[in-house]
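J.: Here is a sequence with its predicted model. Questions after.
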Amino acid sequence: MGNGISHLWSVHKITKDGKQPADKQQKLDVIEKHPEKRQNTFCQFLVNWIIDDLQPFSVVNNPSFRIFCNELDPAFLVPEAKTIKAIIYQAYNFTYPKIVEQIGKEAISVTSRTMSNWGPIR
């Protein structure tokens, strides 16, 4: 009988009374975060949703929203509102001069075509 009890303890960690001893060391579930490129892609999807749905930047600070995102993908680190603002401002500062330049080109093109269609009145 000693061998059976010894086996249960050494292999299965079961004591004479049938209970397993509690682990003294706390177990941690470690989830690796996404590589930077993948994280940035997720951030961009989040920013697009915030803009398209007219959500406030602070939606990312909402505990329920963070829990929701964590349940969908535990490896995605939800950015703070200030990070969302920075991403949007960076996109704006990059895009605004290009839009102004394009509008200027279009205005010159339309003016040129309009002027060339004008001629002497007959």
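T.: Structure's in. What do you need? Every value quoted in this text rests on a predicted model; they were computed, and no experiment measured them.

J.: how much space between Arg66 and Thr95?
T.: Distance from Arg66 to Thr95, counting by CB to CB, to the nearest Å: 29 Å. The C-beta positions use only the backbone N, C-alpha and C, and glycine is treated the same way.

J.: Please say which of these two ends up with more neighbours.
T.: For the pair Arg66 and Thr95, the greater number of neighbours falls to Arg66 (14 against 10), based on other CB atoms under 10 Å.

J.: Where does that one fall, secondary structure wise?
T.: Secondary-structure assignment from DSSP states H and E places Arg66 in helix 63-72.

J.: for that helix, which positions count as buried?
T.: Within helix 63-72, the residues scored as buried using 16 or more other CB atoms under 10 Å are Cys69.

J.: same question, stretch 72-91
T.: Across stretch 72-91, burial judged by 16+ other CB under 10 Å covers Phe76, Leu77, Val78, Pro79, Thr83, Ile84, Ile87.

J.: Same question for stretch 33-43.
T.: Buried-residue list, stretch 33-43, by 16+ other CB under 10 Å: Phe42, Cys43.

J.: what's next to that stretch, contact-wise?
T.: Defining contact as CB atoms under 8 Å, 6 or more residues apart in numbering, one finds that stretch 33-43 is touched by Asp73, Ala75, Phe76, Leu77, Pro79, Thr83, Ile84, Ile87.

J.: just the angle between the helix or strand encompassing Gln44 and helix 63-72, please?
T.: Remark: Gln44 resides in helix 36-52, with elements defined by DSSP H and E. Inter-element angle recorded for helix 36-52 and helix 63-72: 140 degrees (by axes from the mean of the first three to the mean of the last three CA atoms, to 10 degrees).

J.: roughly how far is helix 36-52 from the heart of the chain?
T.: 5 Å (CA atoms, centre = their mean, to the nearest Å).
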